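Chemist: structure for the following, please:
(chains A and B)
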Amino acid sequence: MSFTEKTVDGADIMLAVSSLTKSFGEVSVLKGISFSLNKGEVLAIIGSSGSGKTTLLRCLNYLEIPDGGKISVSGTEYFSIDSGVPKEAEIRERRLHMGLVFQSFNLFPQYTVKANLLLAAKLIEQEKLKKRLNNREIDKAQYKEEKARTAEMLIQKADSLLSRVGLSDKADSYPCQLSGGQQQRAAIARALMLEPDILCFDEPTSALDPELTGEVLNVIRSLKGKDSTMIVVTHEMEFARNVADRVIYMADGVIAEEGSAAEVFENPQSEALRAFLGAAKRK
Amino acid sequence: MELFLEVTLKLLSGFGVTCKLFILTLVFSLPLGLLISFGTMSRFKPVSALFRVVVWIVRGVPLMLQVFIVFYVPGFVFGTPIAERFDAALIAFSLNYACYFSEIFRAGIQAVPRGQWEAGAVLGMTKAQVFSRVIFPQVVKRIVPPMGNEIITLVKDMALARVISVVEIIKKAEIILAENAIIWPLFYTAAFYLIFVGALTLLFGYIEKKQSYYKI
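Modeler: Residues are numbered from 1 along each chain as shown, chains lettered A, B, ... in the order given. Just a heads-up that it's a prediction; the model follows:
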């Protein structure tokens, strides 16, 4: 099955990755990764440790600069080795297409949950307003008015996201007062604040106690919808099987198998994938 | 009793100089220390090497000698000595302590997990925004105890300014000793230091407590 152009059902291609490579020194971690993802799809990436899953996500978020290949988001160039490495400001702008939820949450410890959600969103809105002020599109009084209005709007947005992830009562708590599962749900809400086109999860439950993984996976499951495109690197095979529209199995820096969840889980083609799934089941 | 009061007032004026030197040294050396820490952490090797050498020299030479150097060397080299003894001491202390502070800043900055930088970056924040809003507050929390240590040492190092005849509190006591042939004022200076350092200790404790609402 090829995903290069419009897909069979004519859905919009949200993300297209082609021949992506990345090495660290002598070690080649990504050896030519190509796949694409339609709008509203959930892609699960599975594979053993060291297969390059996390590096792939980090490349998608410009936390690593790929050595080769191309990435495009909604048809526009996101990364291309031919265009070289974009400038810092350009990277910042492009990054906003993506959201990333980390394995270790990485909430800002000195801010409340709500302040964690608001910090970056506020800075971005202020920057936009400042630009309009400098371009004389608005005057000082309008700037002040707009600033207050957007601040109010962002607070409402944060409140609604917190209720969506079930943390309304924790809005004023600090990260250290939350359980791991709550922290991760807060981190998901924080990523959603910026309305990324594609939300990436890097092993979102791997740092959690087993009894806390359910609440996080349920939140991710609840985000699924025709407008939210997600990539989830995970070791939770049940979750991948139930939630993902498509599954990629990575091994040793390449996509060893891909297909619908049913295809990959019910009918693995390679011995390696069969062994991997067997081992995952025994855990 | 009258003598005691007179001596106290004289020493107080000396301690005023000590305090002025102390506060100005902090004002200059804290930001300079932060800049030097950026220098030593620079990913551009020649820059970090240069700053490391500077830190090595400044931390490797006795502070007293540095006070002499700053006071006398400009006179030899440029023919114009530093006009004010106080300024020479201030420059020497600021440079010296900036280098010590830079290492504390470096340790504090490097102790913040990389994930904090990355979380800020993927949220579209600039490096400067991440540093000022996310990283630096955590650095402050981490470095309060070692900074407290260093700053308390600084208070007492102020006494070195007397080698170029800055009349701080100990020099003042020595003058009293020379003029009035009484030695107890020299020992009495300890009380001023103890009270000042006691106040600083309370202040650092307060700052530490203010930061204890969150864990890192």
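
Chemist: can you pull up the bridge partners for the residue nearest to A:K53 when sequence neighbours are not counted?
Modeler: Using C-beta to C-beta, 6 or more residues apart in numbering or on different chains and skipping residues adjacent in sequence, the residue nearest A:K53 is A:V233, 4.5 Å away. C-betas here are computed from N, CA, C, even on glycine. Note on A:V233: beta-bridge partners by DSSP bridges are A:I45, A:D202.

Chemist: show the contacting residues for A:V233.
Modeler: A:44-46, A:53-54, A:56-57, A:200-203 (C-beta atoms under 8 Å, 6 or more residues apart in numbering or on different chains).

Chemist: try 10 Å
Modeler: Going by C-beta atoms under 10 Å, 6 or more residues apart in numbering or on different chains, A:V233 touches A:43-47, A:51, A:53-54, A:56-57, A:103, A:200-204, A:206, A:240, A:248, A:250.

Chemist: how about the lengthiest helix in chain B, does it get close to chain A?
Modeler: Longest helix of chain B, by residue count under DSSP state H: helix B:2-41. No. On the criterion C-beta under 10 Å from any C-beta of the partner chain, helix B:2-41 is out of touch with chain A, staying 16.6 Å away.

Chemist: which other helices and strands contact that helix?
Modeler: Counting contacts by 3 or more C-beta pairs under 10 Å, 6 or more residues apart in numbering or on different chains; DSSP states H and E, helix B:2-41 packs against helix B:45-60, helix B:85-110, helix B:136-157, helix B:169-180, helix B:184-210.

Chemist: quick one: those as JSON lines, columns for mean neighbour count and distance to A:L277 too.
Modeler: Listed next are these as JSON lines, based on neighbours: other C-beta atoms under 10 Å in any protein chain shown; distance: least, C-beta to C-beta, whole Å:
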{"stretch": "helix B:45-60", "mean neighbour count": "14", "distance to A:L277": "47"}
{"stretch": "helix B:85-110", "mean neighbour count": "21", "distance to A:L277": "41"}
{"stretch": "helix B:136-157", "mean neighbour count": "17", "distance to A:L277": "41"}
{"stretch": "helix B:169-180", "mean neighbour count": "18", "distance to A:L277": "77"}
{"stretch": "helix B:184-210", "mean neighbour count": "14", "distance to A:L277": "52"}
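
Chemist: ok, which of the ones you listed comes nearest chain A?
Modeler: Closest approach to chain A among the helices and strands packed on helix B:2-41 (C-beta to the nearest C-beta): helix B:136-157, 4.9 Å.

Chemist: which strands and helices sit next to that closest one?
Modeler: Checking 3+ C-beta pairs under 10 Å, 6+ apart, helix B:136-157 ends up next to helix B:2-41, helix B:63-78, helix B:85-110, helix B:184-210.

Chemist: that helix vs helix B:2-41, what angle?
Modeler: 140 degrees (axes from the mean of the first three to the mean of the last three C-alpha atoms, to 10 degrees).

Chemist: in chain B, which helix or strand is least confident?
Modeler: helix B:63-78 (a mean of 92; mean pLDDT, DSSP states H and E).

Chemist: relative orientation of it and helix B:85-110 in degrees?
Modeler: 120 degrees.

Chemist: could you check the angle helix B:45-60 makes with helix B:63-78?
Modeler: 120 degrees.

Chemist: what lies in contact with helix B:63-78?
Modeler: Contacts for helix B:63-78 (C-beta under 10 Å, 6+ apart): B:57-58, B:61-62, B:80-82, B:84-85, B:87-97, B:100, B:157, B:159-166.

Chemist: could I get the buried residue list for it?
Modeler: By neighbour count on 16 or more other C-beta atoms under 10 Å in any protein chain shown, the buried set for helix B:63-78 is B:63-64, B:66-67, B:70-71.

Chemist: got the CA positions of that helix in PDB?
Modeler: Extracted C-alpha coordinates of helix B:63-78, given in PDB (Å, rounded to 0.1, in the frame of the first residue of the first chain):
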ATOM      1  CA  LEU B  63      42.700  37.800  46.000                       C
ATOM      2  CA  MET B  64      45.000  40.100  47.900                       C
ATOM      3  CA  LEU B  65      47.500  40.000  45.000                       C
ATOM      4  CA  GLN B  66      44.700  40.800  42.600                       C
ATOM      5  CA  VAL B  67      43.800  43.800  44.600                       C
ATOM      6  CA  PHE B  68      47.400  45.000  44.300                       C
ATOM      7  CA  ILE B  69      47.500  44.200  40.600                       C
ATOM      8  CA  VAL B  70      44.300  46.200  39.800                       C
ATOM      9  CA  PHE B  71      45.500  49.100  41.900                       C
ATOM     10  CA  TYR B  72      49.100  49.300  40.600                       C
ATOM     11  CA  VAL B  73      49.400  47.700  37.200                       C
ATOM     12  CA  PRO B  74      47.300  50.300  35.200                       C
ATOM     13  CA  GLY B  75      49.700  52.900  36.400                       C
ATOM     14  CA  PHE B  76      52.700  51.000  35.000                       C
ATOM     15  CA  VAL B  77      51.100  50.100  31.800                       C
ATOM     16  CA  PHE B  78      49.000  53.100  30.800                       C
END
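
Chemist: any idea which of the helices and strands packed on helix B:136-157 scores lowest on pLDDT?
Modeler: With a mean of 92, helix B:63-78 has the lowest mean pLDDT of the helices and strands packed on helix B:136-157.

Chemist: and the residue nearest to the spatial centre of chain A, which of the three is it?
Modeler: In chain A, the centroid-proximal residue (C-alpha atoms, centre = their mean) is A:C200; its distance is 1.5 Å. Of the three states, A:C200 takes strand under DSSP: H, G, I helix; E, B strand; the rest coil.

Chemist: residues in contact with it?
Modeler: A:43, A:45, A:56-58, A:60-61, A:98-102, A:191, A:229-233, B:122.

Chemist: hmm, back to that, filter the contacts of A:V233 to the buried ones?
Modeler: Applying 16+ other C-beta under 10 Å to those flags A:43-47, A:51, A:53-54, A:56-57, A:103, A:200-204, A:240, A:248, A:250 as buried.

Chemist: tell me, how many residues neighbour A:S83?
Modeler: 10 (other C-beta atoms under 10 Å in any protein chain shown).

Chemist: against A:E64, how distant is it?
Modeler: A:S83 sits 17 Å away from A:E64, taking C-beta to C-beta, to the nearest Å as the criterion.

Chemist: and residue 88, what does it touch?
Modeler: No chain in the question, so chain A it is. Counting by C-beta under 10 Å, 6+ apart, A:E88 has contacts B:121, B:126-127.

Chemist: sorry, should have said chain B
Modeler: B:A88 neighbours (C-beta under 10 Å, 6+ apart): B:66-74, B:81-82, B:161, B:164, B:166.
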